[in-house]
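Peer 1: Structure, please.
(one chain, ligands or ions: 3)
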Amino acid sequence: MANVVVVGAQWGDEGKGKIVDWLSERADIIARFQGGHNAGHTLVINNQVYKLNALPSGVVRGGKLSVIGNGVVLDPWHLVNEIAKIREQGVDISPETLMIAENTPLILPIHGELDRAREEAASKGTKIGTTGRGIGPAYEDKVGRRSIRVADLADEATLEARVDRALQHHDPLRKGLGIEPVDRERLLNDLKAIAKEILPYAGPVWKVLNEQRKAGKRILFEGAQGALLDIDFGTYPFVTSSNVIAGQAATGVGIGPTSIDYVLGIVKAYTTRVGEGPFPTELLDEDGNRLGTRGHEFGTVTGRKRRCGWFDAALVRQTCATSGVTGIAFTKLDVLDGFETLKICVGYELDGEVLDYLPFAAEDQARCTPVYEEMPGWSESTEGARSWNDLPANAVKYVKRVEELIDCPVALLSTSPERDDTILVTDPFAD
Ligand code: GDP
Ligand code: IMO
Ligand code: MG
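Peer 2: Ligands and ions are numbered 1, 2, ... in the order given. Got it, this is the predicted structure:
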């Protein structure tokens, strides 16, 4: 297959970064198509740890083209710092290896301020638990047709006009929240200064990707977040502000949906969520603590403790359907080592009926109780396993049952944070 989309199939942090890095060996181009630096992707290669937010996880391989597509919202100051940090780790990043779409909307400091002010002002029940990085306000400006985009950085008159347009909206909004008006001159000067560092990477991503695709190059589309945080199909309003599901890969870079050959859903062997919102299989007991401790479940971006729970097959079946997932990468199986019994949610009971999906109405969601199936665990270690034959029989049974319940085959299996502790079942890039 020529072009593969990678998407998170739960609430993010499924291990997308590790899998994208692993798969990038087979790709020529790695393209981010949504989200921003709310993403936190950890890669471990020969014990060296790389933490990425805005950069595609393919950068570490070297010799590939990394792309930031128009579906992303980009904080240019954060990107410049991230590039500097990753370069210090010996990774080569230059305009030859990184391209940013000219039509990418920028995240400005005022977006972060607005995001954080709203969260602070929110009462219990309305707080979203955002990463505070300005993602929501930046996407609001995009849809509101008042974004400053990468291409606008090239011309001072355009930039001034765009800033004025944005401030016309933001100053009254800030006043209502008790924040002082924007310092226009300072914002303009900061933008002019960062423009010099960003513009060398700017280019017509849609054109380059279409040309490269026609030339037979392989594109790996890297999703951030997870389908349950999708603005349409997630647990709204406790979601992020972009489409996360696989269809976004096409609009987020400017290629047609016919160019996507394979969708790889990244699925963690249990469930985590960071931030507020419904989580039917959440565990507030010793089992939940154990998952969090064994899985090192702390957010990369905010350091927050991730909420942990049993695997929810009903939700993953739903997300595999909305993204048209061809196969999954099943990650963090090793974290389940040593549990005597494992539970899998197979549906929800609501008013005496069993549903095989989670309804959208908040009031229904609150009354849904998970229906569990139990499976025996395993006492042996799966950590670092690199072949099916190394897996204990009960671990294989667990994986097989998950495949049945979500109606999707396992293509890859991950057994530790290390790049090479990965079992290949079906190569998503194979013809
Ligand atoms: P992403 O946001 O989907 O890229 O995931 P994160 O990087 O935020 O979180 C996944 C964490 O689990 C990272 O610290 C990875 O290094 C780690 N990880 C990935 N795969 C595995 C695995 O199979 N086993 C274990 N134990 N850790 C893993
Ligand atoms: P990766 O790519 C997990 C969550 C936040 C919050 C909600 C909205 O590492 O999987 P936002 O700042 O986007 O407006 O926050 O979305 N969230 C993530 N949770 N992994 C992520 O990214 C996330 N990006 C955003 O915690 O609940
Ligand atoms: Mg993450």
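Peer 1: Could you use CA atoms for every contact and neighbour count after this?
Peer 2: Fine.
Peer 1: Which secondary structure element is home to the residue lying closest to L98 once chain neighbours are set aside?
Peer 2: Closest residue in space to L98, ignoring its immediate chain neighbours: S66 at 4.7 Å, by Cα to Cα, 6 or more residues apart in numbering. Assigned by DSSP states H and E, S66 belongs to strand 65-68.
Peer 1: Parallel or antiparallel, which strands does that strand pair with?
Peer 2: Paired with strand 65-68 in the same sheet, following DSSP bridges, are strand 29-32 (parallel), strand 98-101 (parallel).
Peer 1: okay, those strands, which one's buried deepest?
Peer 2: With neighbours defined by mean count of other Cα atoms under 10 Å, none of the strands paired with strand 65-68 is more surrounded on average than strand 29-32, at a mean of 28.
Peer 1: Packing partners of the helix or strand following it?
Peer 2: Scanning forward in sequence from strand 29-32, with DSSP H and E defining helices and strands, the next element found is strand 41-45. Contact analysis of strand 41-45 by 3 or more Cα pairs under 8 Å, 6 or more residues apart in numbering; DSSP states H and E lists helix 16-23, strand 48-52 as its packing neighbours.
Peer 1: And these: which comes nearest I110?
Peer 2: Of all those, the one in closest proximity to I110, counting by Cα to Cα, is strand 48-52 (22.9 Å).
Peer 1: mind listing what that closest one pairs with, with the direction of each?
Peer 2: Next to strand 48-52 in the sheet, as set by DSSP bridges, lie strand 41-45 (antiparallel).
Peer 1: Identify all contacting residues around the strand it pairs with.
Peer 2: Here strand 41-45 makes contact (Cα atoms under 8 Å, 6 or more residues apart in numbering) with 13, 15-18, 21, 49-53, 57, 300, 417-419.
Peer 1: Please list which of those are also close to ligand 1.
Peer 2: The subset of the contacts of strand 41-45 within reach of ligand 1, by Cα under 6 Å from any ligand atom, is 13, 15-18, 300, 417.
Peer 1: pLDDT of the strand holding S66, averaged?
Peer 2: Model confidence over strand 65-68 averages 98 on the pLDDT scale.
Peer 1: Please apply the same query to stretch 94-105.
Peer 2: Mean predicted lDDT for stretch 94-105 stands at 98.
Peer 1: Just the terminal-to-terminal distance for stretch 10-17.
Peer 2: From the first residue to the last, stretch 10-17 extends over 14 Å; the measure is Cα to Cα, to the nearest Å.
Peer 1: what sits up against it?
Peer 2: 6-8, 40-43, 57, 222-229, 266-268, 271-274, 315-316, 319, 331.
Peer 1: One more: stretch 165-176?
Peer 2: The contact list for stretch 165-176, computed with Cα under 8 Å, 6+ apart, reads 114, 141, 146-148, 180-182.
Peer 1: Of those residues, which belong to strands?
Peer 2: Judged by DSSP state E, the subset of those located in strands is empty.
Peer 1: Give me the subset of those residues lying in helices.
Peer 2: 114, 141 (DSSP state H).
Peer 1: Just send the contacts of stretch 165-176 back as JSON lines, with pLDDT, neighbour count and distance to T341 too.
Peer 2: What follows is the contacts of stretch 165-176, written out as JSON lines (pLDDT from 0 to 100; neighbours: other Cα atoms under 10 Å; distance: Cα to Cα, whole Å):
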{"residue": "L114", "pLDDT": "97", "neighbour count": "23", "distance to T341": "45"}
{"residue": "D141", "pLDDT": "98", "neighbour count": "19", "distance to T341": "48"}
{"residue": "R146", "pLDDT": "98", "neighbour count": "19", "distance to T341": "53"}
{"residue": "S147", "pLDDT": "98", "neighbour count": "24", "distance to T341": "51"}
{"residue": "I148", "pLDDT": "98", "neighbour count": "26", "distance to T341": "53"}
{"residue": "E180", "pLDDT": "96", "neighbour count": "11", "distance to T341": "55"}
{"residue": "P181", "pLDDT": "97", "neighbour count": "14", "distance to T341": "57"}
{"residue": "V182", "pLDDT": "97", "neighbour count": "14", "distance to T341": "56"}
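Peer 1: In CSV: the contacts of stretch 165-176, plus distance to G134.
Peer 2: Written out in CSV, the entries for these read as follows (distance: Cα to Cα, whole Å):
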residue, distance to G134
L114, 7
D141, 11
R146, 15
S147, 13
I148, 14
E180, 17
P181, 17
V182, 15
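Peer 1: ok, back up a step: out of the helices and strands packed on strand 41-45, which one sits most buried?
Peer 2: Sort the helices and strands packed on strand 41-45 by mean neighbour count, taking mean count of other Cα under 10 Å, and helix 16-23 sits at the top with a mean of 25.
Peer 1: same question for that one, mean pLDDT?
Peer 2: Averaged across helix 16-23, the pLDDT comes to 97.
Peer 1: tell me the angle of it relative to strand 48-52?
Peer 2: Our comparison of helix 16-23 with strand 48-52, counting by axes from the mean of the first three to the mean of the last three Cα atoms, to 10 degrees, yields an angle of 120 degrees.
Peer 1: State the mean pLDDT of the helix or strand encompassing K400.
Peer 2: In this structure, K400 is located in helix 393-406 according to DSSP H and E. Average pLDDT, helix 393-406: 98.
Peer 1: I appreciate the help and will end here.
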